[in-house]
Structure formats: C-alpha cells, structure tokens
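1. Sharing a model prediction with you, sequence too.
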Amino acid sequence: MDLGLRDRACVITGASGGIGSATAATLAGERAPVLLVGRSQSRLTPVAAACRDAGGRAHTLELDITDGDAGIRLVDACLRAFGRIDALVNNAGTSAVRPLQELRDEEWQAQWDLHVMAPMRLMRAAAPAMAERGWGRIVNVCSSSGKRPSQTNVAYSVTKAAELSLSRAFADAYAARGVLINAVSPGPVAGELWLAQGGLADQGAAARGTTREQVLESTAARLPLGRLARNEEIAAVIAFLCSEAASNVVGAAWSVDGGAVPVII
C-alpha cells in the first residue's frame, strides 16, 4: 500500500532509539525525507545511515526539545534541510519506576516539561507552517498509562494524560486548515526503556525484590495479547497517521497497547 509519503518532510523527536528510530526507518522506507531530532549526535548518526539504507533522505538535529526556542529551531532546521515541513512525530519521552510518595517536585516538573510543554511548543511552531501549505500531520506518542493511570510513575501517567488532551485541542484548532493531529498510546514495548540495563524491567525488579525476567513475564501476562509490543508495530501505526491514507482521522487517541486498556472508545 502506497501511503503517499514520498517527498513529505517528516520530523521525529526522540529519534535516536526505540519507537523513534523505528518510525524514522519506516517513514524513510516510504521515501519520506526525515529530520531526526535527539540530544546525542553520536546516537543519531547510525539512525540516519539506516534511513538512507531504507531509501530515504535523512538529516539530524541535536536539540533538547525542552528548550524554550526548540520549536522555532526545529522548524527552521527542517525548512533548511528540505524546504518544507509536512509531518511531526512528537515521540521524545521517558519514565522511571518511582513510587508516588517518593516523587519530588522537580521530577513532576521534568515530566511536565518533556511531555507537555515541549510537544506544545513544537506543535505551536510546526502547525502554522503546515497550515500555510494546506497539508500536515502531527502524531503525539503518548501512553496507555495516560488513559489508565499507573502507579509505576504517577507523574508520567498524569503528564501523558495531559498530552492526550493537548493533542485533541490542537487537532480541533487545525483540522479545517488541513493539518490533522492525532495521538497513539502504546503499552509496554520491548525496547530500550524496558529492556536496557537499568531500565524499567531492572527498576521494577529492584522495587519488588524479584528478577527482571519475572517483571517482564508478569507485565506480558497482564496484556490480552500476552507479550510486549515491538517498536516496529508502533511505528507502523504512526506512519499510517502521517499518511494520505489517514485523511479522515482527526483528534484520535489510538491504543496500540496489546489490549492493555479495556475500553471501546
């Protein structure tokens, strides 16, 4: 299926690994030029090479998206690289195992800055530029815990819920101008956040006094699908929402979570 993404300039934040790098490769395979955004140039470089191998053009931008001027800098970089901006994937985010009573004010603020203020600023800069051309796509990568709060890290859940609301608000504001904005809500993903040394599996094991294998098994057992997602599975949905094929999808919050959140809306 041709998704109509050839020559559509796409920006992906948090592109140095996990869902971000998988999304970049998927879009590049559709012949979309991609701007890869992350805080580490050394980690972005191999992702850019993989995108070129997949058939797309790729540029990198080393940027902390929580900076106040990140939106302007990101849009300017995309216009310099490709002469246009057609799609933005707000993917950057992180979490850690933190009991509610141990969350400090600065941790709440850091989660808010990363998951709400940063995507807000990026959308505030990118959406008008897309609207000028009458076509655009924005996908905000949220979380199943934004729909059903998790005690693993309440600050993460609360800010992801706010990001879902933010996504809907921007969707309503820009749909009539051809800029379609949606969110995806992944559940647990078998990527770096969970599986890396010191990641959520190890943190969960330390908190519960179990092994990482037991944490992963119990996490998978709670999902109707019975396993953690693959990065590429989330990327496939994001690519669809960036495409011409998603021309009637506006303000949605697609669950891509293996059935983690048991609702029908």
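-> Good, I have the coordinates. Please read these numbers as outputs of a predicted model, since none were measured by experiment.

2. which residues does residue 68 contact?
-> residue 121 (C-beta atoms under 8 Å, 6 or more residues apart in numbering). C-beta coordinates here come from the backbone N, C-alpha and C atoms, glycine included.

3. Assign a three-state SS to it, would you?
-> coil (DSSP: H, G, I helix; E, B strand; the rest coil).

4. what's the burial count for residue 83?
-> By other C-beta atoms under 10 Å, the residues close to residue 83 number 9.

5. OK, contacts around it?
-> Counted by C-beta under 8 Å, 6+ apart, residue 83 has contacts residue 9.

6. do the same with the one 4 residues further on
-> Counting by C-beta under 8 Å, 6+ apart, residue 87 makes contact with 5, 8, 9, 10, 11, 27, 32, 136, 137, 138, 139, 242.

7. The fourth one pairs with what?
-> Using DSSP bridges, the bridge partners assigned to residue 10 are residue 34, residue 87.

8. Got the domain ranges for the chain?
-> 10-187+231-256, 190-228 (automatic domain parsing).

9. Residue 58 is in contact with residue 51, correct?
-> Yes: checked against C-beta atoms under 8 Å, the pair residue 51 and residue 58 is within contact range at 3.9 Å.

10. Mutual contacts of those two, please.
-> What both residue 51 and residue 58 touch, as defined by C-beta under 8 Å, 6+ apart, is the set 24, 28, 34, 36.

11. Among those, which ones are in helices?
-> 24, 28 (DSSP state H).

12. which pair in the shared contacts of residue 51 and residue 58 spans the largest distance?
-> 28 and 36 (9.7 Å; C-beta to C-beta).

13. overlap in contacts of the two?
-> Counting by C-beta under 8 Å, 6+ apart, the residues touching both residue 28 and residue 36 are 51, 58.

14. What ranges does this protein have for its strands?
-> 10-13, 34-38, 58-62, 87-90, 136-141, 179-186, 253-256 (DSSP state E).

15. which stretch among these comes nearest residue 192?
-> strand 34-38 (12.5 Å).

16. send the alpha carbons of the closest one over as PDB?
-> Provided in PDB are the C-alpha atoms of strand 34-38 (Å, rounded to 0.1, in the frame of the first residue of the first chain):
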ATOM      1  CA  VAL A  34      13.300  12.600   7.700                       C
ATOM      2  CA  LEU A  35      14.800  15.100  10.200                       C
ATOM      3  CA  LEU A  36      16.000  13.100  13.200                       C
ATOM      4  CA  VAL A  37      15.900  15.000  16.400                       C
ATOM      5  CA  GLY A  38      17.700  14.000  19.600                       C
END
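
17. Now do that strand: which elements does it pack against?
-> Applying 3 or more C-beta pairs under 8 Å, 6 or more residues apart in numbering; DSSP states H and E, one finds that strand 34-38 contacts strand 10-13, helix 18-29, helix 41-53, strand 58-62, helix 70-82.

18. any chance of the ones you listed in a markdown table, plus distance to residue 146?
-> Listed next are these as a markdown table, based on distance: least, C-beta to C-beta, whole Å:
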| stretch | distance to residue 146 |
| --- | --- |
| strand 10-13 | 17 |
| helix 18-29 | 15 |
| helix 41-53 | 26 |
| strand 58-62 | 26 |
| helix 70-82 | 22 |
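
19. Return the most buried member of these.
-> Of all those, strand 10-13 carries the top mean neighbour count, a mean of 30, counting by mean count of other C-beta atoms under 10 Å.

20. Please name every helix or strand in contact with that one.
-> Going by 3+ C-beta pairs under 8 Å, 6+ apart, strand 10-13 lies up against helix 18-29, strand 34-38, helix 70-82, strand 87-90, helix 118-133.

21. what about 6 Å?
-> helix 18-29, strand 34-38, strand 87-90 (3 or more C-beta pairs under 6 Å, 6 or more residues apart in numbering; DSSP states H and E).

22. okay, the ones you listed in a markdown table with mean pLDDT and distance to residue 208 next?
-> Putting the helices and strands packed on strand 10-13 into a markdown table (pLDDT from 0 to 100; distance: least, C-beta to C-beta, whole Å) gives the following:
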| stretch | mean pLDDT | distance to residue 208 |
| --- | --- | --- |
| helix 18-29 | 97 | 24 |
| strand 34-38 | 98 | 31 |
| strand 87-90 | 98 | 32 |
